[in-house]
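Colleague: let's see this in three dimensions:
(one chain, ligands or ions: 1)
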Amino acid sequence: MSRAILVLPDPRLRAVSKAVGAVDDGVRALASEMLAEMYAAPGRGLAATQVGVTKRLFVMDATWKEGAPSPMVFVDPVILECSEERVRGLEGCLSIPGVTVEVERAARVRLRWTALDGSLAESGFDGFASVCVQHEIDHLDGRLCIDRLGEVERRSVEARFAGASA
Ligand code: ZN
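Modeller: Next up is the predicted model:
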């Protein structure tokens, strides 16, 4: 069942994903594979882009590492609102293993998405979950957290991965 998680500089990480639309059994199977992959990695978020699927879907569990699992699946997520308040925090990415970077994000976001039963859902996120949601939606647009660094810092991370994959 395992889908390999793509690693920098794989060009597929730069693909802009397309809307999923209707949630069918294929989408539900993909989501459950991605959750398993995320827990195994181990990570707290995984976007379909990272497993080479160019669909707007990501999975997240912001709290399982603290012993309180809360798996969530987001299909066709849209950020409705970002707080003006910004926060700087450390982020890692399963596609950039071993690297932690300091990134500025909106402190709070309001999100709308399609749930796995096909219904529309809407919720606000703050703290780590807010950062994670923004990080994963960046993946769906072909953006990585290192793109939010200064040029010099971004290039130094990229240099570490240059030639790392065929
Ligand atoms: Zn990532």
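
Colleague: longest helix anywhere in the protein?
Modeller: The helix of greatest length in the chain, counted in residues with DSSP state H as the criterion, is given as helix 25-40.

Colleague: for that helix, packing partners?
Modeller: The elements that helix 25-40 packs onto, with contact taken as 3 or more C-beta pairs under 8 Å, 6 or more residues apart in numbering; DSSP states H and E, are strand 45-47, strand 57-60, strand 72-82. Every C-beta, even on glycine, is put in place using the N, C-alpha and C of the backbone.

Colleague: would you list the ones you listed in a markdown table and tack on mean pLDDT and distance to residue 157?
Modeller: Below are the helices and strands packed on helix 25-40 laid out as a markdown table (pLDDT from 0 to 100; distance: least, C-beta to C-beta, whole Å):
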| stretch | mean pLDDT | distance to residue 157 |
| --- | --- | --- |
| strand 45-47 | 98 | 19 |
| strand 57-60 | 98 | 22 |
| strand 72-82 | 98 | 25 |
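
Colleague: what residues does the longest helix of the chain touch?
Modeller: Contacting residues not belonging to helix 25-40 are listed as 1-3, 5, 20, 44-46, 48, 51, 53, 55, 57-59, 61, 64, 71, 73, 75, 94, 116 [C-beta atoms under 8 Å, 6 or more residues apart in numbering].

Colleague: what is the mean pLDDT for stretch 83-99?
Modeller: For stretch 83-99, the per-residue pLDDT values average out at 96.

Colleague: can I have it written out in PDB, keeping just the CAs?
Modeller: Output in PDB follows, covering the C-alpha atoms of stretch 83-99 (Å, rounded to 0.1, in the frame of the first residue of the first chain):
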ATOM      1  CA  SER A  83      -5.700  36.800  10.700                       C
ATOM      2  CA  GLU A  84      -3.600  39.900  10.400                       C
ATOM      3  CA  GLU A  85      -1.600  38.700  13.300                       C
ATOM      4  CA  ARG A  86       1.400  36.800  12.200                       C
ATOM      5  CA  VAL A  87       3.500  34.200  14.000                       C
ATOM      6  CA  ARG A  88       7.000  32.900  13.400                       C
ATOM      7  CA  GLY A  89       7.500  29.200  14.100                       C
ATOM      8  CA  LEU A  90       9.700  26.300  13.200                       C
ATOM      9  CA  GLU A  91       8.500  24.000  10.500                       C
ATOM     10  CA  GLY A  92       9.700  20.600   9.100                       C
ATOM     11  CA  CYS A  93       8.500  18.900   6.000                       C
ATOM     12  CA  LEU A  94       8.500  15.200   5.200                       C
ATOM     13  CA  SER A  95       9.700  16.100   1.700                       C
ATOM     14  CA  ILE A  96      12.700  18.000   3.100                       C
ATOM     15  CA  PRO A  97      13.800  15.500   5.700                       C
ATOM     16  CA  GLY A  98      16.100  16.600   8.500                       C
ATOM     17  CA  VAL A  99      15.500  20.300   7.800                       C
END
